[in-house]
Every structure is written in C-alpha cells, then in structure tokens.
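[1] Build me a structure from this.
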Amino acid sequence: MSVERLKTAIRDVPDFPKQGIIFKDITPILADPELFRLAVSTFASRHRKSRIDKVCVVEARGFIFGSAVAYELGAGLIPIRKKGKLPYQTNEASYDLEYGTATLQVHVDALEKGARVLLIDDLLATGGTAQASAGLIEKLGGEIVEIQFLIELAFLKGREKLKKYNVFAPIVF
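    Numbers count the residues shown, from 1 in each chain. The predicted model follows:
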C-alpha cells in the first residue's frame, strides 16, 4: 500500500472555509481503517528505533494522528491548544495569520528538559502554527526530533519558517 493511495483519498472542497480557498479534507482517510492505519504507520515507522519521549500534537487534526503515533511508539502525548482551552498553568506563543493573530498554549510542566519530541499536525501551510508550536516545545526544554505533517502545501512556502528542523510530509501539493 503506498502513500499515493492516501493522496488520492484526500478530497478537495472548494471555497471552504472561505471563497477562493480549496480545503484539503482528510476525513476520507480517517473513515477508512486501512488508510488511517497507513497514515499512522507512515508517521510512526520513521521513529520506531528512535527514542521518542513525547508526541506533541496541534489542535485539532494533529490530535487524531499524533495520538495513534504516540500509542505506537510508546510515547506520551502533549496537546498544544488554542488559548483558553488548557486547565493548568500555560506558556503561550502568538503568531500571525493572514487575517490577524492566533495564540497557542501548552502546560508549563508538559515536558522534561531534554525530552525527545515529535511534533505532529495534519497540514503544513504557511508554517506559522508549527513555528509557534516548536517555540513552545523548545521553551520547555524539549528537543524536536522531527516535525511531521500528512500534507504540505508547498506553494505557501511554510517549510521556509521551519528550516532549522527536520520536516517530513509524505504528501505534497
């Protein structure tokens, strides 16, 4: 089974969430057990022999893949959420969006210094979310082994903001 099967299953939804955007819908992958297993395996197989302590996941679709990857690797799971969604003390990072700013948070005690971390989200677009998330991980003393995305929208050049990290995206549009 190849990654090309995953790419073929991704549905384009025109004009969502607003006019002129073509949304890459991963729900067909999630609904198909074989494809979902392939996506998780594609992420996890790269680090089965690595020592990964934590998988940090970005709200919300990063939670889906990252939870399964953390389980497969025997690692802990750390949620990075939108401001106001975590119940304990947090560190936060803000970043620019095309229409304003957004803020992400992580618990202050989420990582031990030197923890080896995978950061997972579903899609790399402009790179702002991943860059802010990586900054939070590093602020807590985590070492980012790799940032993983199922999909990269290369024309948005998000990888440029992540030059100092190992970035993996098996599907590129």
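[2] gap between the residue located most distally from the centre of the chain and Val13?
    The outermost residue of the chain relative to its centre, with distances by C-alpha atoms, centre = their mean, is Gln19 at 25.0 Å. Gln19 is 12 Å from Val13, where distance means C-beta to C-beta, to the nearest Å. Yep, even glycine has a C-beta here, placed from its N, CA and C like the rest.
[3] cool, Ile147 as well?
    Distance from Ile147 to Val13, counting by C-beta to C-beta: 25 Å.
[4] Can you point out the helix or strand that includes the most centrally placed residue in the chain?
    In the chain, the residue lying closest to the centroid (C-alpha atoms, centre = their mean) is Asp121, at 1.4 Å. Assigned by DSSP states H and E, Asp121 belongs to strand 116-124.
[5] and Pro28, what is it in contact with?
    Contact partners of Pro28, counting by C-beta atoms under 8 Å, 6 or more residues apart in numbering, are Ala9, Ile10, Arg11, Leu35.
[6] these two touch, right, Gly142 and Val117?
    Yes. Applying C-beta atoms under 8 Å, one finds Gly142 in contact with Val117, separated by 4.4 Å.
[7] what touches both of those two?
    Counting by C-beta under 8 Å, 6+ apart, the residues touching both Gly142 and Val117 are Lys54, Cys56, Leu111.
[8] low-scoring stretches of this protein, by residue?
    Scanning the chain for pLDDT under 70 picks out 1, 98.
[9] one more time with 80, if that's ok
    Residue ranges of the chain with pLDDT under 80: 1, 97-100.
[10] All the strands of it, residue numbers only.
    Remark: strands assigned in the chain by DSSP state E are 11-14, 22-25, 54-58, 76-82, 90-97, 100-107, 116-124, 143-152, 167-168, 171-172.
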